[in-house]
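Undergrad: This is the structure alone, sequence omitted:
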């Protein structure tokens with residue numbers, strides 16, 4: 001399994017560089033605060049930071065009536081935009097609220113464990129983890 005993981009949560013400064021990098025990669029937009037276009041969320045304060053992203057649980061795929069979300073060879077759930085009927089069931093099913101859809105766009109976006117957010121992080125807080133583990137990525141400091 002390939003997924004985004006937290007390496008050192010205490011190093012996170014809540015600078016939101018990861019959110020901006022994700023939004024730019026998918027939507028070419030830097031305004032993640034008002035648009036919520038990132039597949040990763042940084043919440044809390046410097047003392048209680050929480051990083052939330054897709055844990056590849058598959059609930060979105062189960063909810064997708066069009067079967068547009070499938071697991072790839074890396075055990076990552078991906079959205080086939082050609083198959084998507086834009087019903088929004090995957091967004092509703094995501095327990096972490098990290099499947100996003102930009103206003104005026106046809107399809108939602110979900111984390112594909114590409115690592116763009118991890119590469120952008122100036123503190124090396126995030127990394128792409130490979131292996132059989134299915135533990136949750138969302139963590140809290142403090």
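TA: That came in fine, so what should we check first? Note that this is a predicted model, so its numbers are computed, not measured.

Undergrad: Help me confirm that residue 81 comes into contact with residue 108.
TA: No - contact between residue 81 and residue 108 fails when scored by C-beta atoms under 8 Å: they sit 9.2 Å apart. Using the backbone N, CA and C atoms, a C-beta is placed for each residue, glycine as well.

Undergrad: remind me, longest helix of this structure?
TA: helix 17-27 (DSSP state H).

Undergrad: residue ranges for the helices of this protein, please.
TA: 17-27, 32-35, 59-63, 89-93, 116-120.

Undergrad: Between the two ends of stretch 86-98, what distance do you get?
TA: End-to-end distance for stretch 86-98, by C-alpha to C-alpha, to the nearest Å: 16 Å.

Undergrad: whoops, I mixed them up, stretch 64-82
TA: 13 Å.

Undergrad: For it, give the mean pLDDT please.
TA: Across stretch 64-82, pLDDT averages out at 95.

Undergrad: same thing with stretch 42-55?
TA: 86.

Undergrad: one step back: which one of the helices of the chain lies nearest to residue 8?
TA: helix 116-120 (12.0 Å; C-beta to C-beta).

Undergrad: any idea how far the closest one is from the chain center?
TA: For helix 116-120, the distance from its own C-alpha centre to the chain's C-alpha centre is 12 Å (C-alpha atoms, centre = their mean, to the nearest Å).

Undergrad: Hmm, residue 64 is touching residue 91, no?
TA: No - counting by C-beta under 8 Å, residue 64 stays clear of residue 91, with 10.4 Å between them.
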